[in-house]
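pasted the sequence and its predicted model underneath.
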Amino acid sequence: MLLHSLLLVWNRQIENLLNSEFAQRGIAQMGIAQLEVAHMGIAQLGIRALGNSLNLESLN
C-alpha cells in the first residue's frame with residue numbers, strides 16, 4: 001500500500017512537470033507566432049508606404 005501511494009505521488013509530480021513544460025512551450029510558441037504576425041504587419045505597412053510614395057511621385 002505504501003509503495004502504491006509513493007508511486008501515485010511520483011506519477012503526479014512527473015505529470016505536473018510535463019504539464020508545466022508543455023505550457024511553457026505553448027506560451028513560447030504563441031510569443032513567436034505573435035512576433036511573426038507583427039513582423040508581417042510591419043512589412044505590409046512598409047510595402048503600402050512605398051506604394052503610396054510611388055503613386056504620389058507618378059502624380060507629379
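Arrived safely. Numbering: from 1, shown residues only.

neighbours around Leu3, how many?
7 (other Cβ atoms under 10 Å). For the C-beta atoms, the positions are set from N, CA and C on the backbone; glycine is no exception.

cool, Gln24 as well?
Gln24, neighbours per other Cβ under 10 Å, totals 10.

what do you get for Ala33?
By other Cβ under 10 Å, neighbour count at Ala33 equals 10.

over to Arg12?
Neighbours around Arg12, by other Cβ under 10 Å: 10.

does it lie in a helix or a strand, and which?
helix 2-59 (DSSP states H and E).

mind checking the pLDDT average for that helix?
Taken as a whole, helix 2-59 has a mean pLDDT of 69.

could you measure from Arg12 over to Ser5?
Per Cβ to Cβ, to the nearest Å, Arg12 is found 11 Å from Ser5.

and if you look at Met30?
Taken as Cβ to Cβ, the span from Met30 to Ser5 is 37 Å.

likewise Glu15?
On the measure of Cβ to Cβ, Glu15 and Ser5 end up 16 Å apart.

likewise for Gly31?
With Cβ to Cβ as the criterion, Gly31 and Ser5 are 39 Å apart.

and if you look at Ala23?
Ala23 sits 27 Å away from Ser5, going by Cβ to Cβ.

may I have stretch 25-34 exported as PDB, CA atoms only?
What follows is stretch 25-34 as a C-alpha-only set of coordinates in PDB (Å, rounded to 0.1, in the frame of the first residue of the first chain):
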ATOM      1  CA  ARG A  25       6.500  25.600 -24.800                       C
ATOM      2  CA  GLY A  26       2.900  26.700 -25.700                       C
ATOM      3  CA  ILE A  27       3.500  30.200 -24.300                       C
ATOM      4  CA  ALA A  28       6.800  30.400 -26.100                       C
ATOM      5  CA  GLN A  29       5.300  29.300 -29.400                       C
ATOM      6  CA  MET A  30       2.400  31.800 -29.000                       C
ATOM      7  CA  GLY A  31       5.000  34.600 -28.500                       C
ATOM      8  CA  ILE A  32       6.900  33.500 -31.600                       C
ATOM      9  CA  ALA A  33       3.700  33.500 -33.600                       C
ATOM     10  CA  GLN A  34       2.800  37.000 -32.300                       C
END
